[in-house]
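K.L.:
Got a predicted structure plus its sequence, pasted below:
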Amino acid sequence: MPLSFISELTASIPRHSESGLELCEHIDHWFQEHPQHREEAYELLRSFLLKMRTENASDLDLGAPGCNGFAWMRVYQVKKPIPEYGKFSYAETTAIILSWLSKYQKKILYVSRSVDFSINIEEDGMRHRFRTTVYFDQLFPAINFRRINETIFPLEALSIPKPILDRMDLRYEKVGLVLVTGITGSGKSTTLDSIIDMNNRNNQSHIVIIAHPIEYVHESRLSIVRHREVGIDVNSFQEGAIQALRQDPDIIMVGEMRDPKTISTVLEITDSGHKTFTTLHTSSAIDSIHRIVAEFPSEEQDRIRNRLADVLTVIMSQKLVPTVDNKIVLAKEILSVDSSVQAAIRNKNIGEIYQMMIEGRKMGMITLEQDLQRLYKSGIITNRTALNYANNKSRIMQLLSSPV
């Protein structure tokens, strides 16, 4: 599906402006003189985004040498090119990408070499929302769109035990830190949205969401829900969390703990008597505790360890694993913090926590290996999948060979 104006555009590009910021600035100026062509480029990419829904794709990638001229989609964790959409030159993909950026977004891209934002597309009375990142790959702009689910999964559909659901619900616990962890693309944001939705429907409260970018937009129901996007409504996660304390919140959701300042702020706002939800890029509950402590200099680690033990209530680490019918299912590890876990964190005996999760089923705890065993015994995933996605290989082999 080549752009009708690509020959004219390509001929206008000076030899010294065939890549990098020079190419972007030239095309941007060219669009100002030919607004109808910018609209064509915009509509072409819009059509690709609408097709993501019919293809059940989670991601769309376009642009720069890495894509080899094709649009790529990820469907059930498999990313592949879509040749039927056409093959594009670097000038074409640059034009298509720039047609979606505002003046402010282009300014950030040119300075920081990356920009993140969210977009809405209206079609047949429905709103489709996407998380977007634009960045450079070998001097050419590239773009990724992550499709945001139009509906919220009920927490019960995620097979989260009731004792853990209660700890996530403001009705039953007014304070405490809940961590949802996992690698990129493991569904952390989807789980957080389900938690927020549950509290929005169950509690008369004030919920402040600080994210970069804002993904699912929650309609205020029993609760007031505020959405503050980093870079637009607030300068940083840290500033947003501190400012939230002056906004009479009951629940504060911080999209991600990316650095020691944000981690320290999250611990502080939780310790001040709020219920806080956030995410971390770790693959297990134990790794999450280690990661938080290790972000700080050695002389501060005892203080952080004690503070974390005081405020932490739940860690849910999750992975999306392929099923036998080529779809995906959530596998999770859940730690519910009690006095024994608190003592293990304070006394640097974090390695003991894995055994506590094994023995903590009545409290809703489960190790990732136990959940993978459940999925395997239910015929949802294969033996090989369970082995591949486990954190503890020796433990999963024991569980898979056991009769129960």
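P.N.:
Happy to help now that I have it.

K.L.:
Enumerate every residue touching Ile269.
P.N.:
Contacts here follow CB atoms under 8 Å, 6 or more residues apart in numbering; on that basis Ile269 touches Ala241, Ile242, Ala244, Leu245, Ile252, Thr276. The way it works is simple: take the backbone N, C-alpha and C, and place the C-beta from them, glycine included.

K.L.:
Looking at those residues, which two lie furthest apart in space?
P.N.:
Ile242 and Thr276 (12.7 Å; CB to CB).

K.L.:
Can you tell me the SS state at Leu372?
P.N.:
At Leu372, secondary structure determined by DSSP: H, G, I helix; E, B strand; the rest coil is helix.

K.L.:
Surely it and Ile381 touch.
P.N.:
Yes. Counting by CB atoms under 8 Å, Leu372 does reach Ile381; the two are 7.1 Å apart.

K.L.:
any shared contact partners between the two?
P.N.:
With CB under 8 Å, 6+ apart as the test, Leu372 and Ile381 both reach Val321, Ala331.

K.L.:
Pick out whichever of the two has more residues nearby.
P.N.:
Per other CB atoms under 10 Å, whichever of Leu372 and Ile381 has more neighbours is Leu372, with 29 against 23.

K.L.:
Tell me which residues touch the residue lying closest to Ser12 once chain neighbours are set aside, please.
P.N.:
Once flanking residues are discounted, Ser12 sits nearest to Trp30: 6.1 Å by CB to CB, 6 or more residues apart in numbering. Contacts of Trp30 were listed using CB under 8 Å, 6+ apart, and they are Leu9, Ser12, His37.

K.L.:
likewise Val314?
P.N.:
So Val314 contacts Ile164, Arg167, Met168, Gly176, Val178, Leu179, Ile334, Leu335, Ser336, Val337 (CB under 8 Å, 6+ apart).

K.L.:
Could you give the number of residues near Asn347?
P.N.:
11.

K.L.:
that's a strand at Lys79, yeah?
P.N.:
Yes. Judged by three-state DSSP, Lys79 forms part of a strand.

K.L.:
in the sheet, who's paired with it?
P.N.:
Beta-bridge pairing for Lys79 (DSSP bridges): Arg74.

K.L.:
who's in contact with it?
P.N.:
Asp59, Asp61, Trp72, Met73 are the contacts of Lys79 under CB under 8 Å, 6+ apart.

K.L.:
Run through the bridge partners of the first one.
P.N.:
When bridges are assigned using DSSP bridges, the partners listed for Asp59 are Arg74, Arg146.

K.L.:
Show me which residues of the top helix by length along the chain are buried.
P.N.:
For the chain, the helix with the greatest residue count under DSSP state H is helix 35-55. Buried residues in helix 35-55, counting neighbours by 16 or more other CB atoms under 10 Å, are found at His37, Arg38, Glu40, Ala41, Tyr42, Leu44, Leu45, Arg46, Phe48, Leu49, Met52.

K.L.:
what separates Ala344 from Ile353, distance-wise?
P.N.:
For Ala344, the distance to Ile353 equals 5 Å [CB to CB, to the nearest Å].

K.L.:
whoops, Val111 was the one
P.N.:
Counting by CB to CB - Val111 and Ile353 are separated by 43 Å.

K.L.:
The two: who's more crowded?
P.N.:
Ile353 (22 against 10).
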